[in-house]
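Novice: This is a predicted model, with the sequence first.
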Amino acid sequence: MKNSAPENPGAHSRRTFLKSLGTVAATAATAQVKTVAAELEKANAEKIIGPDAVPVTLNVNGEKIKLLLEPRVTLLDALRNYSSLTGAKEGCDRATCGACTVLFDDAPIYACQKLAIEAQGHAITTVEGLAKDGKLNKVQLAFIEKDALQCGYCTPGFVMSITALLKKNFHPTADEVKHACAGNLCRCGCHPHILQAALKAAGVEHASKTEVVTYA
């Protein structure tokens, strides 16, 4: 008969050790999950805003504008209907025409697709903010010189897109101007003149493709 070693009540078997280790790990993981869930619940509770109007402060053209807006109000709506800045136009309201383009930290965006409450803490520039001391900027002057507008409804959006381009690319090519204005639409068909105006503002010589035909 095989002798078995006497059991030691104070000793732990490998199985017991692993089982206890698993229990401790599971308990710790459960506690951690509960803690994270509680923190998320607290954070989400703190972020619930609306549906009633709340105070919103916008930094537009270097000045702070304090408004009382419902969280659903877009930046375009806030500019046009809750302040006196009507330069950005509402065209499609679907981010396809570019008439509402403004600069958001110097980057062009569709104001109709940005909530005003989300624009807080950012530098917003509208077409009204381009002229300094009553003098138009070089893009605006170039649009006048090159007759790059007809009805003028889309003009502010184009001016803002080109201004944003020239802030990071001082001497763009014609293709780069076209790419920068790809999100803007002129229903009057002034795109060739707009291209010339952009290149004029950049100081880039551009030969016109207009041909003069004479008859004998």
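Specialist: Cool, got the structure.
Novice: And the helices in this structure, which stretches?
Specialist: Along the chain, the stretches classed as helices by DSSP state H are 14-47, 75-81, 138-145, 155-168, 174-180, 191-202.
Novice: Mind checking the ones you listed for the one nearest to Glu90?
Specialist: Proximity to Glu90, assessed across the helices of the chain by Cβ to Cβ, is greatest for helix 75-81 (6.0 Å). Heads up, the C-betas are built off the backbone N, CA and C, glycines and all.
Novice: Go through that closest one and flag the buried ones.
Specialist: Leu75, Leu76, Asp77, Ala78, Leu79, Arg80 (16 or more other Cβ atoms under 10 Å).
Novice: The last one: what's it in contact with?
Specialist: The reference is to Arg80. The contact partners of Arg80, taken as Cβ atoms under 8 Å, 6 or more residues apart in numbering, are Thr86, Ala88, Glu90.
Novice: So what's the residue count around the last one?
Specialist: A total of 18 residues lie near Glu90 under the criterion other Cβ atoms under 10 Å.
Novice: try the second one
Specialist: A count of nearby residues for Ala88, using other Cβ under 10 Å, gives 24.
Novice: What of the first one?
Specialist: Neighbourhood size, Thr86 [other Cβ under 10 Å]: 14.
Novice: which residues touch it?
Specialist: Applying Cβ under 8 Å, 6+ apart, the residues contacting Thr86 are Leu79, Arg80.
Novice: and what of the one 4 residues further on?
Specialist: For Glu90, the contacting residues are Leu76, Arg80, Ala99, Cys100, Cys112, by Cβ under 8 Å, 6+ apart.
Novice: hmm, which helix or strand of the protein has the shakiest average pLDDT?
Specialist: helix 14-47 (a mean of 69; mean pLDDT, DSSP states H and E).
Novice: Okay, domains of the chain per the record?
Specialist: Domain ranges of the chain: 51-129, 130-207, per automatic domain parsing.
Novice: With distance to Ala38 and mean pLDDT added, can I get those domains in JSON lines?
Specialist: Putting the domains of the chain into JSON lines (distance: least, Cβ to Cβ, whole Å; pLDDT from 0 to 100) gives the following:
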{"stretch": "domain 51-129", "distance to Ala38": "25", "mean pLDDT": "97"}
{"stretch": "domain 130-207", "distance to Ala38": "43", "mean pLDDT": "95"}
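Novice: Now distance to Ala31 too, for those, in a markdown table please.
Specialist: Shown next, in a markdown table, are the domains of the chain (distance: least, Cβ to Cβ, whole Å):
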| stretch | distance to Ala31 |
| --- | --- |
| domain 51-129 | 35 |
| domain 130-207 | 50 |
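Novice: so which of those domains comes closest to Glu39?
Specialist: The nearest among the domains of the chain, by Cβ to Cβ, is domain 51-129 at 23.0 Å.
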